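*Asks:* Fold the following, please.
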Amino acid sequence: MWFLIKGSFWFSLVLICLPFLDTNSREALEDAPPLEVGQSMAAAVEALEDIRQICVRKPEVCETGSETFAALGSRAKEGARIAYQFLDSKFADAEPDLTTGSLPVVN
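*Replies:* Numbering: from 1, shown residues only. So this is what the prediction gives:
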């Protein structure tokens, strides 16, 4: 589950950075609100601190969240197993020929 959260974060970061590489996107984003990196980072740090303190303020939220993430992790694991079996059945080669032999006796 932690992999999905980290993967979503990095994928979002890539999507945010892609318009900086395309000149046509700059023209399309001229009317977009400005991005203040310093203020955004300060807000993110404050949000993280608040999230860390939620377990102190409301322990039942953390308990429910933990149970939810455990259930989602189990479902994701089962989904990965199903996807693996499906892909294996579609793309697996035929059974390889089994070749056996013996080595000569060395004196």
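*Asks:* In the helix or strand where residue 86 lies, which residues are buried?
*Replies:* Assigned by DSSP states H and E, residue 86 belongs to helix 59-91. Neighbour-count burial for helix 59-91, counted by 16 or more other Cβ atoms under 10 Å, picks out no residue. C-betas here are computed from N, CA, C, even on glycine.
*Asks:* low pLDDT regions in the chain?
*Replies:* The model of the chain has pLDDT under 70 over residues 1, 26, 93-99, 107.
*Asks:* packing partners for the helix holding residue 86?
*Replies:* Helix 59-91 sits against helix 37-57, with contacts defined as 3 or more Cβ pairs under 8 Å, 6 or more residues apart in numbering; DSSP states H and E.
*Asks:* which parts of the helix it packs on are buried?
*Replies:* Result for helix 37-57 [16+ other Cβ under 10 Å]: no buried residues.
*Asks:* Next: stretch 6-24.
*Replies:* By neighbour count with 16+ other Cβ under 10 Å, stretch 6-24 contains no buried residues.
*Asks:* orientation of the helix holding residue 86 relative to helix 37-57 in degrees?
*Replies:* 110 degrees (axes from the mean of the first three to the mean of the last three Cα atoms, to 10 degrees).
*Asks:* Can you give the distance of helix 59-91 from its chain's centre?
*Replies:* The chain centre lies 13 Å from the centre of helix 59-91; the measure is Cα atoms, centre = their mean, to the nearest Å.
*Asks:* which residues are in contact with stretch 46-61?
*Replies:* residue 62 (Cβ atoms under 8 Å, 6 or more residues apart in numbering).
*Asks:* give me that answer again for 10 Å
*Replies:* Residues outside stretch 46-61 that contact it (Cβ atoms under 10 Å, 6 or more residues apart in numbering): 62-66.
*Asks:* Need phi/psi at residue 4.
*Replies:* Torsion angles at residue 4 (phi, psi; degrees, to the nearest 10) stand at phi -70, psi -40.
*Asks:* Okay, it and residue 35: tell me how far apart.
*Replies:* With the distance defined as Cβ to Cβ, to the nearest Å, residue 4 ends up 26 Å from residue 35.
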